[in-house]
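Student: Quick one: sequence and predicted model below, then my questions.
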Protein chains: 2
Amino acid sequence: MTDPALLVRSRPRRRDAEATRQAILEAAKKQFALVGYDCTLRDIAGEAGADVALVKRYFGGKEALFVEALKASFGSDDLSEWDRQTFAREIATMLADSPHADEARTHRFQFLLRAATSPTTAPLLNVLVQERFLGPIREWLGGVDAQARARVFAASYIGFLVERLIRGEALQGREREIFIDRVSAIFTVLTAEAGPA
Amino acid sequence: MTDPALLVRSRPRRRDAEATRQAILEAAKKQFALVGYDCTLRDIAGEAGADVALVKRYFGGKEALFVEALKASFGSDDLSEWDRQTFAREIATMLADSPHADEARTHRFQFLLRAATSPTTAPLLNVLVQERFLGPIREWLGGVDAQARARVFAASYIGFLVERLIRGEALQGREREIFIDRVSAIFTVLTAEAGPA
DNA sequence: CATCTATGTCAACGGCGATTGACTTAGCGG
DNA sequence: CCGCTAAGTCAATCGCCGTTGACATAGATG
């Protein structure tokens, strides 16, 4: 998170096409998530400490940059590390906290939401979600009807992320406790092979 | 839904400031939901059969129009009509269908999503969601810890709407059956005053 | 050191869209 | 029938942004 490539450079970086490309890509991921597709290339380039013209040279144009940034934002979702015993409560706690306490995930998720609500990018997103979201969850869940269960799982997870985003701050006091209890219960149920009575 | 004010007029409408204002507002609700904030005022005005300049006269500007359209999109969510015995399965079925089968709700929801991912409108949305979404659900749920339970309920509901949006089409066959079973089970649990074991 | 190329900079162009104010006209009151 | 005002139209303006190609230079190669 303290990747020096993200910081504004006082001195120009040593000439390095690959590093510059990456810096632009990182800035794009952030700006597209925070501001949306309407952020300016000048802003992206500025944050990357590069020039607008390089966007064209390295990516071809804004549209192409968007697609690449979108793909790059769904690289490694490390859900094989989730402990089946404890993940439910951990996720629930994370969801009760402020979205600001979790910038990386929040940015990626905003990106996804934006792409989902744009007619041009929606088809692309469909494929990505299948491959890098539904697929892994399905594998992790295992058992019968894993596809349908993965859908329900993913939908719930997304919903809580949206709620956290809209809420904007951490839950407090008793509401927080109840929220965590309920949400972790739901995730436990969602993992089970057989639904509730 | 077959409001004549929405249709493109071959003949100019009789001069009527209020009707024109409404027509613009309706067109704005639709365009902002489908295309997003970047739709053009010309498109909105065109669909309303009015001129761009009238947007300024009646609303002041694009930003103000957006806010007003957002507010207007959350008028009456008629959830007092929900039958507590059957609503879970009805909702689950609706969520398994195509978003296109439910245009009105889909448009409103896309609008909400867009507003949620825009820094300028997020605060406004927070208030709106509290008043017209969380509040009614809380009342409808009743019982202890209604606020926290309403949050969980709303979050789940939102999540399934997002999933349906991304999916883009109706579920089929066995996956559909399982999906409906699971989702309606979840909503039943969400309604109950006590959580699952 | 000379040269050459990949890398980075700069300024201008072209289009688009919101805004604005002047202009036209319908429709009503007298 | 006459004008007056609210409603609607039109075209010009202004700024912004993506794109583009010409230019500058670091740094490697020999």
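Tutor: Happy to help now that I have it.
Student: Domain-wise, how is chain A divided?
Tutor: The record's domain parsing of chain A by automatic domain parsing lists A:4-72, A:79-191.
Student: how distant is the first one from the center of its chain?
Tutor: When you say that, I think you mean domain A:4-72. The offset between the C-alpha centroid of domain A:4-72 and the centroid of the whole chain comes to 18 Å, using CA atoms, centre = their mean, to the nearest Å.
Student: can you tell me which residues contact A:Arg89?
Tutor: Listed by CB atoms under 8 Å, 6 or more residues apart in numbering or on different chains, the contact set of A:Arg89 reads A:180, A:184. Backbone N, C-alpha and C define where each C-beta goes, glycine included.
Student: Just the element for it, please.
Tutor: Applying DSSP states H and E as the criterion places A:Arg89 in helix A:87-96.
Student: in stretch A:108-121, what's buried?
Tutor: Burial within stretch A:108-121, assessed by neighbour count using 16 or more other CB atoms under 10 Å in any protein chain shown, is assigned to A:108-118, A:121.
Student: remind me which residues of chain A are low pLDDT?
Tutor: Regions of chain A meeting the criterion pLDDT under 70 cover residues A:1-12, A:75-78, A:195-197.
Student: still on that earlier bit, take the buried residues of stretch A:108-121 and keep only those in helices.
Tutor: Under the assignment DSSP state H, those contribute A:108-116 to helices.
Student: Please list which of these also come close to chain B.
Tutor: On the criterion CB under 8 Å from any CB of the partner chain, A:110, A:113-114, A:116 are the entries of those that sit beside chain B.
Student: re the thing from before, how about a markdown table for the ones in helices among the buried residues of stretch A:108-121, with distance to DNA strand C added?
Tutor: Shown next, in a markdown table, are those (distance: CB to the nearest atom of the strand, whole Å):
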| residue | distance to DNA strand C |
| --- | --- |
| A:Arg108 | 26 |
| A:Phe109 | 27 |
| A:Gln110 | 23 |
| A:Phe111 | 23 |
| A:Leu112 | 25 |
| A:Leu113 | 22 |
| A:Arg114 | 18 |
| A:Ala115 | 21 |
| A:Ala116 | 22 |
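Student: so A:Val129 sits right up against B:Ile166, yeah?
Tutor: Yes - counting by CB atoms under 8 Å, a contact exists between A:Val129 and B:Ile166, whose distance comes to 5.7 Å.
Student: Which residue of these two possesses the greater neighbour count?
Tutor: B:Ile166 (24 against 20; other CB atoms under 10 Å in any protein chain shown).
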